[in-house]
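# Structure for this input, please:
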Amino acid sequence: MFAAERRQLILEMVRANGAVSLRELARVVQTSEVTVRRDVRALEAEGLLDRRHGGAVLPGGFTRESGFPQKSHLATAEKTAIADLAANMVDEGEAIVVGAGTTTQELARRLARVPGLTVVTNSLLVAQALAHANRVEVVMTGGTLRGSNYALVGSGAEQSLQGLRVSRAFLSGSGLTAERGLSTSNMLSASVDRALVQAAAEVVVLADHTKLGTDTMFQTVPTDLITRLVTDEPAGHDERAATELQALADQGVQIAVAGGEGGSAGRQRRDVPLPGPRRQGPGGLRTAVALGAAGEPAQGSERGARVADLRRR
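Presented below is the predicted three-dimensional model:
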């Protein structure tokens, strides 16, 4: 494929999806990430797209939100690895909330095997994934259906969450930065996500590397309320992504990285230790340094977990 043909295909993918990772672009155009990065730089110089950490987005600073069909085909391997790791953080008999999104949908598919679990969600996709899980109770919020991501939004959804208290909220979004935290492109979705956060003692954000450093219109979870981030391994040359992760860790966010080089996604885990004591969580509850009880290692940490400081990477 000639350079002009590659760049046209790259441009069409970004226009269709809003944001695409370099890995995905390289896979589709059947070339290396180095070549794709060179093509993206050329397109950026022409003002046709913007580069972001490990990917490309529509020009203009804030990215627009893609629909479910587009999102479901983006960074699929990374989302699978993230979901595998996040599922190990859920205990039997726990009550959690799970927000809308393609990554949280992958998580829900793995939660079907957790006995005694109660899942509160505003996502039809999450509920569908758990519909036949006999040992899992699913509680749906009320609200108005937003067809682009199959989520219930509006005052009905927010009011149904009032007075609710669960151990953890698992959320995803359109972008994540150390400065603003998690954000999304839709005001109604952001409002419901904020209500989900208020219902949880801890907040776990699921975000693949393409969302790191991306800022969108509506803040959903400020950085100081994020207990843990579960993400995938950035490419070795992506220093900006590593810098963003370190900035999040410096603000007290625990970082769990799923996967690794050589296609070993989902087989290993890296934790970035907190630089100091954890902040007060929503409602004044103090969150633990580990995912289990205070002072105890997180569930699954003995299964091949290893600790790494991002400064050494």
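
# What segments of the stretch 1-150 of the chain are helices?
3-17, 22-29, 33-45, 68-71, 76-87, 102-111, 124-129 (DSSP state H, counting those that start in this stretch).

# Show me what the last one is packed up against.
Contact here means 3 or more CB pairs under 8 Å, 6 or more residues apart in numbering; DSSP states H and E; on that basis helix 124-129 packs against helix 102-111. Glycine gets a C-beta too; all of them are placed from N, C-alpha and C.

# coming back round to it: TSV for the helices of the stretch 1-150 of the chain, including distance to Val136, mean neighbour count and mean pLDDT?
Written out in TSV, the entries for the helices of the stretch 1-150 of the chain read as follows (distance: least, CB to CB, whole Å; neighbours: other CB atoms under 10 Å; pLDDT from 0 to 100):
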stretch	distance to Val136	mean neighbour count	mean pLDDT
helix 3-17	32	16	80
helix 22-29	32	20	84
helix 33-45	39	17	88
helix 68-71	23	16	44
helix 76-87	12	23	89
helix 102-111	7	23	94
helix 124-129	10	21	95
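
# nearest to Gln254, of those helices?
Using CB to CB as the measure, helix 76-87 is the one of these that comes nearest Gln254, at 12.3 Å.

# So which other helices or strands are in contact with the closest one?
helix 102-111, strand 200-206, strand 228-232, strand 254-258.

# Now render those as CSV, adding distance to Gln159.
Below are these laid out as CSV (distance: least, CB to CB, whole Å):
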stretch, distance to Gln159
helix 102-111, 22
strand 200-206, 17
strand 228-232, 28
strand 254-258, 32
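
# Those: which one's closest to Leu245?
Leu245 lies closest to strand 254-258 among these, at 5.6 Å (CB to CB).

# So for that closest one, what gets flagged as buried?
Of all the residues in strand 254-258, those buried under the rule 16 or more other CB atoms under 10 Å are 254-258.

# Out of these, which is nearest to Ile82?
Of all the buried residues of strand 254-258, Ala258 has the smallest distance to Ile82: 5.1 Å, by CB to CB.

# gap between the closest one and Thr231?
7 Å (CB to CB, to the nearest Å).

# Mind listing the shared neighbours of those two?
Common contacts of Ala258 and Thr231 (CB atoms under 8 Å, 6 or more residues apart in numbering): Ile82.

# Using JSON lines, lay out the buried residues of strand 254-258 together with pLDDT.
Supplementary listing: those in JSON lines, determined by pLDDT from 0 to 100:
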{"residue": "Gln254", "pLDDT": "96"}
{"residue": "Ile255", "pLDDT": "95"}
{"residue": "Ala256", "pLDDT": "94"}
{"residue": "Val257", "pLDDT": "92"}
{"residue": "Ala258", "pLDDT": "89"}
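
# Val28: which of these is nearest?
Ala258 (22.8 Å).

# That closest one and Glu233 touch, don't they?
Yes. Contact criterion CB atoms under 8 Å: Ala258 and Glu233 qualify, at 7.3 Å.

# What sits closest to the most centrally placed residue in the chain if chain neighbours are left out?
Using CA atoms, centre = their mean, the residue of the chain that lies closest to the mean C-alpha position is Ala207, 2.0 Å off. Distances taken as CB to CB, 6 or more residues apart in numbering put Leu176 closest to Ala207, at 4.7 Å, once the chain neighbours are dropped.

# Understood, closing this out.
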